[in-house]
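1. model this:
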Amino acid sequence: MTKKKRKEEEQPDVARDLSRDAGDGSLTGAPGVDEQGVPAESENLRGELDELNGKWLRALADLDNYRKRVERNRRTWSGAAREEIILDLLDVVDNFERALACEDSAGSSPRGSLREGVELILKQLMDVLRKHGVTPIETRACEFDPNFHEAVGHVESAEHDPDHVVEETQRGYLLGERLLRCSKVIVSK
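-> Numbering: from 1, shown residues only. Below you'll find the model as predicted:
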């Protein structure tokens, strides 16, 4: 054997030995390669990808929560603005009802086209309020309920049981099932 061949046999080829050890063609044991034959840089990239994916999912969830919060706030503000407008309109309704309840100086109630016009306007206004979920609170012949009534006076009454509404001085209203304005009533003792 020549010197050159002998030297090659004594110093084995590292790449050839590594591939023989792996059996599946991967380079296990090589610098920068793990047990599965995946380069270490690939593992670092995979970890970075997982981290970025988690951040992206959290950002998506935050955006969804933000959208829900904005919608909830919009509904709250819209409801509050709606209540303010309706409360102002209820003052107008009260004035129409007072105008219809007043009598002229002779003691008879006014009739004619003016009264009919006022009645039609009041009916139209009440229809608009009903359309938007506003309903009057019933107080006739009912027991005083502090959740819906505000007592503005007490009277002795033989006709009514104690703690029952005798007279309504200002009508109360509900917006859906929520109290918008309580009824002001006079209660029997």
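
2. ranges for the helices of this structure?
-> If DSSP state H is used as the criterion, the helices of the chain fall at 3-10, 14-22, 40-101, 113-131.

3. okay, those helices in CSV with distance to residue 172 next?
-> C-betas here are computed from N, CA, C, even on glycine. Putting the helices of the chain into CSV (distance: least, Cβ to Cβ, whole Å) gives the following:
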stretch, distance to residue 172
helix 3-10, 107
helix 14-22, 87
helix 40-101, 9
helix 113-131, 13
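
4. for the chain, what helix or strand is lowest in average pLDDT?
-> Each helix and strand of the chain was given a mean pLDDT (mean pLDDT, DSSP states H and E); the minimum falls on helix 14-22 at a mean of 47.

5. doesn't residue 156 make contact with residue 162?
-> No - distance between residue 162 and residue 156: 9.9 Å, which falls outside the contact criterion (Cβ atoms under 8 Å).

6. more neighbours: which of the two?
-> When residue 162 and residue 156 are compared on other Cβ atoms under 10 Å, the one with more neighbours turns out to be residue 162, at 12 against 9.

7. for the more buried one, what are its contacts?
-> The neighbourhood of residue 162, defined by Cβ atoms under 8 Å, 6 or more residues apart in numbering, consists of 188-189.

8. what about it, distance to residue 87?
-> Between residue 162 and residue 87 the distance is 32 Å, computed by Cβ to Cβ, to the nearest Å.

9. repeat that for residue 76.
-> Note on residue 76: its distance to residue 87, by Cβ to Cβ, is 17 Å.

10. looking at the two, which has the bigger crowd around it?
-> residue 87 (13 against 10).

11. wait, that one touches residue 179, no?
-> No - at 11.7 Å, residue 87 and residue 179 do not qualify as touching, with contact defined as Cβ under 8 Å.

12. quickly list what's touching both of these two.
-> With contacts taken as Cβ under 8 Å, 6+ apart, residue 87 and residue 179 have no neighbour in common.

13. so what's residue 134 bridging to?
-> Beta bridges link residue 134 to residue 175 when assigned by DSSP bridges.

14. and it, how many neighbours?
-> Applying the criterion other Cβ under 10 Å, we find 21 residues in the vicinity of residue 134.
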